[in-house]
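Undergrad: take a look and give me a structure for this.
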Amino acid sequence: PLLSADKVIDTRLLSVGVKGKMRQINSIPQLGQHLINKNFEAEFGHHLFAPPLMFSDSFESSLMSASLKTHEPIDIPKSAVQQQADMAIHNGNIQDRVAEQEYALSIMRRRTNQREMVARRKARRELLETRSGQRAEDALQKAQAFYEGYYGEVDLTIKEAVNIEMADLNGSDPMCKIHFGGDIKETTVQWNTLHPIWNETFRFGIRSPEELTHSLKVELYDQDPHQQEFLGETYVRIEALQPMRQIEIAVELQKASTGSIFMSVVFVPVDVLIAKKAEEFAAAKKLLSNKKSEHLEKHDQAQRRNRALSQGNSSKKLKKKSSQRKITLPAK
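TA: So this is what the prediction gives:
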């Protein structure tokens with residue numbers, strides 16, 4: 001029915017082209033384009049587009065060329081419902097863009113925090129390496145200050161005693177007292193035995209070479225609840241000791257009817273003491289630095305875990321908010 005008003009010349013259909021010129025329809029795509037124009041003209045009173053019909057292989061190329069050469073946009077009025085829907089979609093798109101921007105900013109902040117954390121950890125490592133490089137010198141200085149004024153040290157080890165006197169019917173509870181200058185040290189008490197074994201070492205500081213002329217006095221006592229009973233004594237001369245050479249001693253107890261005691265003694269010069277003490281200081285400082293490094297590493301791991309949890313919660317909230325967004329349309 002739409003073709004009834006068209007002119008047909010020599011059984012060929014003509015279509016209105018640009019500036020009212022008639023164009024011959026020679027293909028099915030051109031016929032389809034002509035029918036679309038006629039339908040649009042019947043509904044809205046004017047043509048959708050009126051380009052020159054082109055001889056082409058497809059209808060899509062003709063439509064594309066026609067849309068590119070259209071001069072005036074077609075303004076189709078929209079209903080209130082459509083306008084409301086468009087506004088809701090527009091606002092939703094704006095909210096989505098804002099959320100995407102916030103998420104991008106959070107990622108940037110996270111990366112910045114990660115870079116700062118890596119920089120801090122690197123600075124800590126460099127500081128610890130610097131301190132570790134100075135550790136030997138610092139420990140040596142501390143050890144030298146610790147043994148300032150010392151000439152050396154005498155280490156006396158009380159090993160055991162045999163065949164000591166029986167103090168009462170139950171036996172003896174022997175213990176030793178070591179005297180050097182004004183310093184007195186005691187061993188532990190071995191209960192109910194005549195063959196006590198101690199293996200306890202006692203250190204006595206030497207302030208000057210003259211103190212090496214003194215002797216160590218070792219006394220053996222029986223420990224009673226009310227008083228100590230004397231069981232014998234002996235002396236250890238240290239003036240002939242050579243540095244770092246341990247001497248084993250086995251002597252009979254003086255002022256006693258029976259009994260012998262076994263000991264060892266060694267003189268340690270101050271330079272050896274300083275070296276050992278410096279190693280102890282360095283080991284203690286290294287242990288402390290390792291504990292600090294472990295603590296910092298745990299703190300950084302906790303921060304990364306909390307940051308990841310917060311970011312995961314924020315992304316979940318964003319997805320939930322986007323899924324719950326609805327377009328509300330006014331009732332008809």
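
Undergrad: report the central residue of this protein.
TA: residue 297 (3.0 Å; CA atoms, centre = their mean).

Undergrad: dump the C-alpha coordinates for stretch 299-316 into PDB.
TA: What follows is stretch 299-316 as a C-alpha-only set of coordinates in PDB (Å, rounded to 0.1, in the frame of the first residue of the first chain):
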ATOM      1  CA  HIS A 299      54.400  -5.100  62.700                       C
ATOM      2  CA  ASP A 300      54.700  -4.500  58.900                       C
ATOM      3  CA  GLN A 301      52.900  -7.800  58.200                       C
ATOM      4  CA  ALA A 302      50.100  -6.800  60.600                       C
ATOM      5  CA  GLN A 303      49.800  -3.400  58.800                       C
ATOM      6  CA  ARG A 304      49.700  -5.100  55.400                       C
ATOM      7  CA  ARG A 305      47.100  -7.600  56.600                       C
ATOM      8  CA  ASN A 306      44.900  -4.900  58.100                       C
ATOM      9  CA  ARG A 307      45.200  -2.700  54.900                       C
ATOM     10  CA  ALA A 308      44.300  -5.700  52.700                       C
ATOM     11  CA  LEU A 309      41.200  -6.400  54.900                       C
ATOM     12  CA  SER A 310      40.100  -2.800  54.800                       C
ATOM     13  CA  GLN A 311      40.500  -2.600  51.000                       C
ATOM     14  CA  GLY A 312      38.600  -5.900  50.600                       C
ATOM     15  CA  ASN A 313      35.700  -4.600  52.800                       C
ATOM     16  CA  SER A 314      35.600  -1.300  50.800                       C
ATOM     17  CA  SER A 315      35.500  -3.100  47.500                       C
ATOM     18  CA  LYS A 316      32.700  -5.500  48.800                       C
END
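
Undergrad: what mean pLDDT does it have?
TA: Averaged across stretch 299-316, pLDDT comes to 72.

Undergrad: what's the spacing between the residue nearest to the centre of the chain and residue 119?
TA: 15 Å (CB to CB, to the nearest Å). Glycine gets a C-beta too; all of them are placed from N, C-alpha and C.

Undergrad: what segments of the stretch 151-300 of the chain are strands?
TA: Using DSSP state E, counting those that start in this stretch, the strands of the stretch 151-300 of the chain run over residues 152-162, 174-180, 183-186, 197-206, 215-223, 228-237, 247-252, 260-269.

Undergrad: need the ones you listed in CSV with mean neighbour count, distance to residue 277 and mean pLDDT, can you?
TA: What follows is the strands of the stretch 151-300 of the chain, written out as CSV (neighbours: other CB atoms under 10 Å; distance: least, CB to CB, whole Å; pLDDT from 0 to 100):
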stretch, mean neighbour count, distance to residue 277, mean pLDDT
strand 152-162, 19, 11, 95
strand 174-180, 21, 21, 95
strand 183-186, 12, 20, 94
strand 197-206, 16, 12, 95
strand 215-223, 20, 23, 94
strand 228-237, 17, 25, 93
strand 247-252, 13, 24, 95
strand 260-269, 19, 11, 95
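
Undergrad: dump those into CSV; add distance to residue 93 as well.
TA: Converted to CSV, these look like this (distance: least, CB to CB, whole Å):
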stretch, distance to residue 93
strand 152-162, 84
strand 174-180, 92
strand 183-186, 88
strand 197-206, 83
strand 215-223, 94
strand 228-237, 97
strand 247-252, 95
strand 260-269, 84
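
Undergrad: quick one, which of these is nearest to residue 82?
TA: strand 197-206 (98.8 Å; CB to CB).

Undergrad: ok, that closest one: who's next to it in the sheet?
TA: Strand 197-206 has its sheet partners listed here by DSSP bridges as strand 152-162 (antiparallel).

Undergrad: contacts for the partner strand next, please.
TA: Strand 152-162 has contacts (CB atoms under 8 Å, 6 or more residues apart in numbering) with 174, 176, 178, 180, 187, 194-206, 216, 218, 220, 236, 238, 241, 243, 253, 259-270, 273.

Undergrad: against residue 143, how distant is residue 266?
TA: 19 Å.

Undergrad: cool, and residue 151?
TA: Distance, residue 151 to residue 143, by CB to CB: 15 Å.

Undergrad: of those two, which one has the most company?
TA: Neighbour comparison, residue 151 and residue 143: the larger count goes to residue 143, with 21 against 16 (by other CB atoms under 10 Å).

Undergrad: can you tell me the SS state at that one?
TA: helix (DSSP: H, G, I helix; E, B strand; the rest coil).

Undergrad: hang on, isn't it packed against residue 271?
TA: No. Judged on CB atoms under 8 Å, residue 143 makes no contact with residue 271 at a distance of 10.1 Å.

Undergrad: so who does residue 78 touch?
TA: Here residue 78 is in contact with residue 86 (CB under 8 Å, 6+ apart).

Undergrad: helix, strand or coil for it?
TA: coil.
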